[in-house]
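Chemist: based on what follows, work out the 3D shape:
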Amino acid sequence: MTGDNAMRSPSSSRPPEEPMSTGLHALPRPVAAVVGAGGVLGAAHVGVGHALEERGFVPDLIVGSSVGALVGAVAAAHPDGSAPWLDRVWTQLRRREVFPLGYLPSRASIFTDRGLRRLIARSGLPSRMEELAVPFTAVAMDLVTGAPALLDHGDLESALLASAAVPGVLPPVDRGGRTLVDGGVIAYVPVLAARQAGAASMVVLSTGPQGSPLPATVPRRRAGAIAGRAGLLLIRHQIERDLHEVSQHIPTVVLPTGIDAWPSPWDFGHSQRLISTASRTAGRFLDGLHISGPGLYRGDHPPPAAADGPGDGSTSPVSGVARLV
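Modeler: Residues are numbered from 1 along each chain as shown. This is a model prediction of the structure:
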């Protein structure tokens with residue numbers, strides 16, 4: 001975040017003698033797990049899920065966009081042990097399984113959703129969303145109005161296909177009289193949807209360079225580099241705007257991944273590295289987490305200047321901001 005979220009001294013937001021609550025168990029209920037978009041980068045979600053499961057965290061509701069909807073649905077079906085299964089699936093996945101060539105369904109997309117349907121079918125999921133162990137919402141976008149579509153009941157497969165239907169890449173989904181596409185377009189990290197669903201606090205799983213500080217460099221004077229940089233900035237501004245809005249009202253914990261080098265959107269060969277790095281980094285952050293009311297708690301940004309904070313390396317969640325110990 002920018003200067004609006006710089007660290008302040010503890011006395012500026014609460015009396016020095018007020019104790020801080022420790023860890024995820026201090027979060028007000030109901031607590032939502034919010035799982036963002038990211039395609040192949042969703043492997044980092046699996047690593048963060050490992051860290052959460054190892055610490056006994058079970059959310060009261062789960063909200064996901066795009067690949068986050070698929071990961072979130074599996075977690076909602078198996079809240080006590082989804083990470084090991086997801087680990088095995090992700091480390092064995094290859095591009096041709098998810099985005100198979102040669103089966104163009106129509107002019108509406110480059111790839112068929114055949115591979116994604118097979119992946120959903122072998123995920124051990126119930127047929128209807130109401131049958132999941134943890135209440136779950138998949139976020140898609142209405143292609144006619146541009147409004148978010150919050151899918152929390154009915155057929156589960158079509159909800160997941162809609163949430164992951166990258167425009168032009170996978171076919172749109174007709175569901176309930178609406179034409180739906182990838183929820184990541186309108187809600188890359190669907191914290192607003194989680195707030196609307198009634199969350200009193202949330203734990204956010206966000207992946208990719210668009211969720212981390214970007215280097216202050218001018219891209220090469222190439223069309224692809226310029227478009228890529230603009231796209232990252234667009235998504236990043238959406239993420240930061242939404243996080244800022246919800247964190248003014250409820251505790252919002254953004255789990256770091258510790259990943260510096262992200263693979264291309266089609267490269268599944270780095271899944272093991274993403275999983276293990278995210279698991280270690282998120283685990284260290286969670287072990288040093290303290291909650292002191294509404295605000296943004298994150299460990300994926302560098303600490304502010306010494307003049308703005310205690311400067312002793314401790315966890316200081318003041319003005320709603322937490323540092324990684």
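Chemist: and Ala133, how far from Ala165?
Modeler: 26 Å (CB to CB, to the nearest Å). (Each C-beta comes from the backbone N, C-alpha and C, glycine too.)
Chemist: same thing with Ser279?
Modeler: 29 Å.
Chemist: which one's more surrounded, these two?
Modeler: Between Ser279 and Ala165, Ala165 has the larger neighbour count (other CB atoms under 10 Å), namely 27 against 24.
Chemist: OK, contacts around Val144?
Modeler: Taking CB atoms under 8 Å, 6 or more residues apart in numbering, we find Val144 in contact with Arg178, Thr179.
Chemist: Asp182 versus that one, what's the distance?
Modeler: Distance, Val144 to Asp182, by CB to CB: 15 Å.
Chemist: check Ala159 too.
Modeler: Applying CB to CB, the value for Ala159 to Asp182 is 13 Å.
Chemist: cool, and Ala69?
Modeler: For Ala69 relative to Asp182 (CB to CB), the value is 10 Å.
Chemist: need the helices for the stretch 1-150 of the chain, in chain order.
Modeler: 43-54, 67-77, 82-92, 95-98, 114-121 (DSSP state H, counting those that start in this stretch).
Chemist: for Ile291, find the nearest of the ones you listed.
Modeler: Counting by CB to CB, Ile291 lies closest to helix 43-54 out of those; the figure is 15.3 Å.
Chemist: can I get the helices of the stretch 1-150 of the chain in JSON lines with mean pLDDT and mean neighbour count?
Modeler: Shown next, in JSON lines, are the helices of the stretch 1-150 of the chain (pLDDT from 0 to 100; neighbours: other CB atoms under 10 Å):
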{"stretch": "helix 43-54", "mean pLDDT": "92", "mean neighbour count": "26"}
{"stretch": "helix 67-77", "mean pLDDT": "94", "mean neighbour count": "29"}
{"stretch": "helix 82-92", "mean pLDDT": "79", "mean neighbour count": "18"}
{"stretch": "helix 95-98", "mean pLDDT": "62", "mean neighbour count": "16"}
{"stretch": "helix 114-121", "mean pLDDT": "87", "mean neighbour count": "16"}
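Chemist: looking at the ones you listed, which is closest to Val253?
Modeler: When the helices of the stretch 1-150 of the chain are compared by CB to CB, helix 43-54 sits nearest Val253, at 10.5 Å.
Chemist: CA atoms of the closest one as CSV?
Modeler: Taking Å, rounded to 0.1, in the frame of the first residue of the first chain, the C-alpha atoms of helix 43-54 are listed here in CSV:
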residue,chain,number,x,y,z
ALA,A,43,-0.4,-23.4,-7.0
ALA,A,44,0.6,-20.8,-4.5
HIS,A,45,-2.9,-21.0,-3.0
VAL,A,46,-2.2,-24.6,-2.3
GLY,A,47,1.0,-23.8,-0.4
VAL,A,48,-0.8,-21.1,1.7
GLY,A,49,-3.6,-23.7,2.3
HIS,A,50,-1.0,-26.1,3.7
ALA,A,51,0.1,-23.4,6.2
LEU,A,52,-3.5,-22.7,7.2
GLU,A,53,-4.4,-26.3,7.7
GLU,A,54,-1.3,-27.0,9.7
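Chemist: what helices or strands is it leaning on?
Modeler: Judged by 3 or more CB pairs under 8 Å, 6 or more residues apart in numbering; DSSP states H and E, helix 43-54 is in contact with helix 67-77, helix 82-92, strand 201-205, strand 251-255, helix 271-287.
Chemist: please compute how far the following helix or strand past the longest one lies from its chain's middle.
Modeler: Per DSSP states H and E, the first helix or strand lying C-terminal to helix 271-287 is strand 290-291. The gap between the average C-alpha position of strand 290-291 and the chain average comes to 20 Å, counting by CA atoms, centre = their mean, to the nearest Å.
Chemist: strands paired with strand 290-291, and their directions?
Modeler: Sheet pairing of strand 290-291 (DSSP bridges) gives strand 21-22 (antiparallel).
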